[in-house]
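Q: any chance you can model this:
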Amino acid sequence: MVQYYSVEQVAELLGLHVRTVRGYIRDGRLAATRIGKQYRIARADLEALTGGPVAAPPTGRQRAEVSSVVRIEEIDRATADRLTTTVLAAIAGPREGGRPLHVETVHDEERETLRLIILGDPGDTAALLAIVNTLTREM
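A: Got it, this is the predicted structure:
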């Protein structure tokens, strides 16, 4: 029986972002079969990409993801840039949840607001929100 992986499972196994894996599929570097709106990657095709055996896909684990939007008011461009740099540096290292934490920032100079959009593991998100809380109290 052929074993298949989802794009998310391949990303987790290889330590890549899901978009990177999808890019590999689009570029033809990774063979995949489209089933409905999703891709499935055969174990043999994944092994061809990696050049060796791969672990079995994770099973039985429940996953939770949090989406958070933080709005910070009365923040100028320079302060927003410093806060953004600190937040991005905080997510660059390994995290307890093991999955990537995604952060986007949008600064509105006219309204002097900064929005942080955070997507990821609940524990990692909570830790990042604690950092943001500390940083904004010091502003």
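Q: switch to C-alpha atoms for all contacts and neighbour counts from now on
A: Fine.
Q: quick one, what contacts Val66?
A: Going by C-alpha atoms under 8 Å, 6 or more residues apart in numbering, Val66 touches Ile118, Leu119, Gly120, Asp121, Pro122, Thr125.
Q: in helices, which of those appear?
A: Here DSSP state H is the test, and the contacts of Val66 give Pro122, Thr125 as lying in helices.
Q: of the contacts of Val66 - the most surrounded one?
A: Thr125 (23 neighbours; other C-alpha atoms under 10 Å).
Q: wait, it sits on Ile118?
A: Yes: counting by C-alpha atoms under 8 Å, Thr125 touches Ile118, with 7.0 Å between them.
Q: overlap in contacts of these two?
A: Common neighbours of Thr125 and Ile118 (C-alpha under 8 Å, 6+ apart) are Val66, Leu101.
Q: which elements pack onto the helix or strand encompassing Leu128?
A: Following DSSP states H and E, one finds Leu128 within helix 122-137. Contacts defined by 3 or more C-alpha pairs under 8 Å, 6 or more residues apart in numbering; DSSP states H and E place helix 122-137 against strand 66-73, helix 77-90.
Q: counting neighbours, what do you get for Gly123?
A: Neighbours around Gly123, by other C-alpha under 10 Å: 15.
Q: now the one 3 residues further on
A: Other residues within reach of Ala126 by the criterion other C-alpha under 10 Å amount to 14.
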